[in-house]
Each structure stands twice: as structure tokens, then as C-alpha cells.
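Enquirer: Sequence first, then the predicted structure, then my questions.
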Amino acid sequence: MKKIIALLVLALSFGCAHAFTGNDKVINKDQLPAQAQSFINEYFAGAKISYAKLETDFIFKSYEVMFADGTKLEFSSNGNWEDVDCRYGEVPAAIIPASIKDYVKAHYPDVRVLKIERDRRGYDIKLSNRLELKFNNDFEIVDIDD
């Protein structure tokens with residue numbers, strides 16, 4: 001009897017885990033939140049989208065857009081950008097806050113910003129010289145990783 005109960009609990013656990021795992025769904029650009037569409041139209045107007053997808057986790061939704069040139073964008077459920085990764089190019093300067101842009105220009109004048117990521121703690125910047133800079137929400141440098 002104990003074995004049967006243990007097997008049922010195990011089967012139920014796997015079933016629940018499978019039901020709550022992330023589900024990705026390929027979507028059209030038109031299905032992105034309006035704010036994400038505006039962001040793409042403003043900063044990546046000429047770029048060709050390879051795919052866009054809706055990522056659904058247990059509670060959260062997010063969006064990912066991949067362009068043909070390898071650029072990847074991530075958006076929150078309401079369409080705010082969270083990550084701009086331009087592996088083979090450069091992050092558009094207008095996306096980078098002025099204080100961060102000024103810091104990079106003053107300390108690393110000959111590098112490009114390849115990636116910018118923002119969250120509730122601040123900004124992470126990846127430079128073409130392989131340095132990663134972390135800024136708090138007041139745009140003060142808090143860490144440099146090489």
C-alpha cells in the first residue's frame with residue numbers, strides 16, 4: 001500500500017511540474033505589447049525579425065525578439081525593454097542613459113556597448129573590450145568585471 005501511495009505522489013508531482021514549466025509560443029510582431037512594438041520601430045526600424053516569442057513561466061510572462069543579424073531583445077510582460085544584446089553590432093546610443101554613456105566615453109573612449117540590461121537594481125553594460133560594468137539606479141558604477 002505504501003508503494004502505491006508513493007508512486008501516486010511521484011506521478012502527481014511529475015504531472016504538476018510538467019504543467020507549470022515554461023511554455024514558449026512563437027508570435028508575430030503585432031502580438032507584442034504596444035510599448036515593445038514602439039521600441040522596435042524606433043530603434044530597430046530596418047532590422048529583419050527572425051522570430052518573436054512569448055515566454056510564459058509559472059507566474060510571469062516575457063517576450064523575446066531575435067533579429068536576423070543576431071541582435072536579441074527581451075521585454076517584460078508590459079513591453080518595457082529589459083535586455084538589448086547586439087552581439088555583432090552596437091547598442092543604439094539613445095537607449096543608453098546619458099550618465100552611463102558619459103562614463104563609458106570618459107573611461108573607455110574606443111569601445112562599443114554590445115549589451116545593456118536593466119532590472120530593479122540597476123544596469124549591466126557589456127563592452128567590446130570584454131569588460132562588464134554594473135551601475136545602480138543612480139547611475140553610479142558599483143562593479144567592474146573582466
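Expert: Here it is on my side, so go on. Numbering: from 1, shown residues only.
Enquirer: Okay, helices next: where are they in this protein?
Expert: 2-19, 34-43, 98-107 (DSSP state H).
Enquirer: pLDDT weak spots in this protein?
Expert: 1-22 (pLDDT under 70).
Enquirer: Excluding sequence neighbours, find me the nearest residue to Ala68.
Expert: By the measure of CB to CB, 6 or more residues apart in numbering, the closest residue to Ala68 outside its immediate chain neighbours is Lys48, 4.3 Å from it. From N, CA and C alone the C-beta is placed, and that goes for glycine too.
Enquirer: and the one you found, how many neighbours does it have?
Expert: By other CB atoms under 10 Å, the residues close to Lys48 number 8.
Enquirer: That one against Phe67, yeah?
Expert: Yes. With contact defined as CB atoms under 8 Å, Lys48 reaches Phe67; the gap is 6.3 Å.
Enquirer: Who are the contact partners of the closest residue in space to Asn28 that isn't next to it in sequence?
Expert: Of all residues not flanking Asn28 in the chain, Ala52 sits nearest, at 6.8 Å (CB to CB, 6+ apart). Counting by CB atoms under 8 Å, 6 or more residues apart in numbering, Ala52 makes contact with Val26, Ile27, Asn28, Lys29, Gln31, Leu32, Tyr63, Glu64, Val65, Met66.
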